[in-house]
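Chemist: Take a look and give me a structure for this.
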Amino acid sequence: MGRRRRITSAGKLACCEQRLETLCLNPDAHVASLKLGCCFLDSLSCARLALSSHALHIVATSAVRDRIYVGLGGSFVADDALKASGNPLLTLSHLESLAHTSFMFGAARDVCRAAGAARGSDIDIWLLDVSGGARTLCKALLSQVFMQEQKGDLYWASSLANLSALIYHFDPPVRWLPDMYRTLQRGGSTVLVSDISDQSSTLQDLLHGFPNLLPLSCTGKSIRSGKFDTGKLICQLIDRLTFPLCDRRLVLQLSASRAQGTLKLFSVDQPSDFKNVLATLEAEVLSADCTPFDLWILETGGRVYLLLVEDKIPQQRAV
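Modeler: Next up is the predicted model:
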């Protein structure tokens, strides 16, 4: 058997360029195939391809524009984008280079903390990276959300089993971003840049650079003017962190509210199996230390993120 030749990334790109050049001679027959091929290249390779010829530039730019449309479909980034959003190739580079990065996660986390600490806010907002498997996620829920301490192996095994069953039976709603935005708005609609710009270096870098990120947004213009909508900024940062959104999955959405003095767990429009497990979990894990909350767990790109919005108890509210 002959020795298999190893094809490098540069070789793959060269082969792709040659193939696309040939196909471009008959654009009516193979434009769809050309655009599909571009979907398997990163933003840098798409840019190199676009520089090869005028025909390839047209195809690559069109394909990248479609990728951005699909990757941001239904997002706050897309809804808030200005009409003149810049070069599609550069826009894809901005989106891909920041997705799933520690900088974007740290920036989003710091904005959440700052929004919760803002004057007059009645909520605390936490963004956590709970990647590491189902067991890590369930332990984070028990310790960070339900405030449960170690109570023995049997208790933890039962709670982990119920949480795993809850996630398994969860039926994600089609539109959940508006609910997230409305919940975040409870902390106050606007925050002055001057009030939070000195809280961390990551936050300073974000506020300095966000107005220049593509696609350009109304929120970026607001930051330049000295204030911004906290809910919109947090939603956009989460969208950028989890780009492309077509690969993002809502693992669990759960809320806890007080009814007649008793804390109850609920999630809208869920099947009966989910409700049965939720009732068991409610009796098992809810403690007197729990406060009303809303949470969303997102999985994308091998990472799992938990957004937690908690009501502040009266003595913790900002003065």
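Chemist: Pull the contacting residues for N212.
Modeler: By C-beta atoms under 8 Å, 6 or more residues apart in numbering, the contact set of N212 is G220. Placement of C-beta: from N, CA and C, glycine included.
Chemist: how about low-confidence regions in this structure?
Modeler: 1-31, 34, 84-86, 147-152, 187-189, 197-199, 260-261, 288-289, 314-319 (pLDDT under 70).
Chemist: can you list the domain ranges for it.
Modeler: 18-71, 105-187+247-316 (automatic domain parsing).
Chemist: What distance do you get for the closest residue in space to L92 that isn't next to it in sequence to L163?
Modeler: Leaving aside its sequence neighbours, L92 sits nearest to S43 (C-beta to C-beta, 6 or more residues apart in numbering; 4.3 Å). The gap separating S43 from L163 is 38 Å, by C-beta to C-beta, to the nearest Å.
Chemist: Indicate each strand paired with the top strand by length along the chain and its parallel or antiparallel sense.
Modeler: What stands out as the longest strand in the chain, according to DSSP state E, is strand 249-259. Note on strand 249-259: by DSSP bridges, its sheet partners are strand 262-266 (antiparallel), strand 293-300 (antiparallel).
Chemist: what's the next secondary structure element after the last one?
Modeler: Toward the C-terminus, strand 293-300 is succeeded by strand 303-311 as the next helix or strand (DSSP states H and E).
Chemist: quick one: that following strand to chain centroid distance?
Modeler: 11 Å (C-alpha atoms, centre = their mean, to the nearest Å).
Chemist: Was I right to think P173 contacts Q253?
Modeler: Yes - between P173 and Q253 a contact is recorded at 7.2 Å, counting by C-beta atoms under 8 Å.
Chemist: what is in contact with the two at once?
Modeler: Residues touching both P173 and Q253 (C-beta under 8 Å, 6+ apart) are V268.
Chemist: So between these two, which is more surrounded?
Modeler: Each of P173 and Q253 has its neighbours counted (other C-beta atoms under 10 Å); Q253 has more, 20 against 14.
Chemist: show me the contacts for that one.
Modeler: Q253 is in contact with F170, P172, P173, W176, D179, S267, V268, L295, W296, I297, counting by C-beta under 8 Å, 6+ apart.
Chemist: can you count the residues close to the last one?
Modeler: Here the count is done by other C-beta under 10 Å, and I297 has 22 residues near it.
Chemist: again, but for the fourth one
Modeler: In terms of burial, W176 registers 13 neighbours under the definition other C-beta under 10 Å.
Chemist: list the contacts for it?
Modeler: Neighbouring residues of W176 by C-beta under 8 Å, 6+ apart: L250, Q253, W296.
Chemist: Check the spacing between it and T280 real quick.
Modeler: The gap separating W176 from T280 is 24 Å, by C-beta to C-beta.
Chemist: hang on, the earlier thing: between S43 and L163, which has more neighbouring residues?
Modeler: Neighbours were counted for S43 and for L163 using other C-beta under 10 Å; L163 has more, 23 against 19.
Chemist: Could you say which helix or strand holds that one?
Modeler: helix 153-169.
Chemist: go on, A55?
Modeler: Using DSSP H and E, A55 sits in helix 54-71.
Chemist: CA-only coordinates of that helix in PDB, if you can.
Modeler: The C-alpha trace of helix 54-71 is given here as PDB (Å, rounded to 0.1, in the frame of the first residue of the first chain):
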ATOM      1  CA  HIS A  54     -13.200  39.000  -8.800                       C
ATOM      2  CA  ALA A  55     -15.600  36.000  -9.400                       C
ATOM      3  CA  LEU A  56     -14.500  34.300  -6.200                       C
ATOM      4  CA  HIS A  57     -14.800  37.600  -4.300                       C
ATOM      5  CA  ILE A  58     -18.500  37.800  -5.200                       C
ATOM      6  CA  VAL A  59     -19.200  34.200  -4.300                       C
ATOM      7  CA  ALA A  60     -17.200  34.200  -1.000                       C
ATOM      8  CA  THR A  61     -18.800  37.500   0.100                       C
ATOM      9  CA  SER A  62     -22.300  36.200  -0.700                       C
ATOM     10  CA  ALA A  63     -21.600  33.000   1.200                       C
ATOM     11  CA  VAL A  64     -20.200  34.800   4.200                       C
ATOM     12  CA  ARG A  65     -23.200  37.100   4.200                       C
ATOM     13  CA  ASP A  66     -25.500  34.000   4.300                       C
ATOM     14  CA  ARG A  67     -23.400  32.500   7.200                       C
ATOM     15  CA  ILE A  68     -23.800  35.600   9.200                       C
ATOM     16  CA  TYR A  69     -27.500  35.700   8.600                       C
ATOM     17  CA  VAL A  70     -27.900  32.100   9.700                       C
ATOM     18  CA  GLY A  71     -25.500  32.400  12.600                       C
END
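Chemist: which parts of the helix or strand following it are buried?
Modeler: As assigned by DSSP H and E, the chain's next helix or strand after helix 54-71 is helix 76-80. Judged by neighbour count using 16 or more other C-beta atoms under 10 Å, the buried positions of helix 76-80 are F76, V77, A78, D80.
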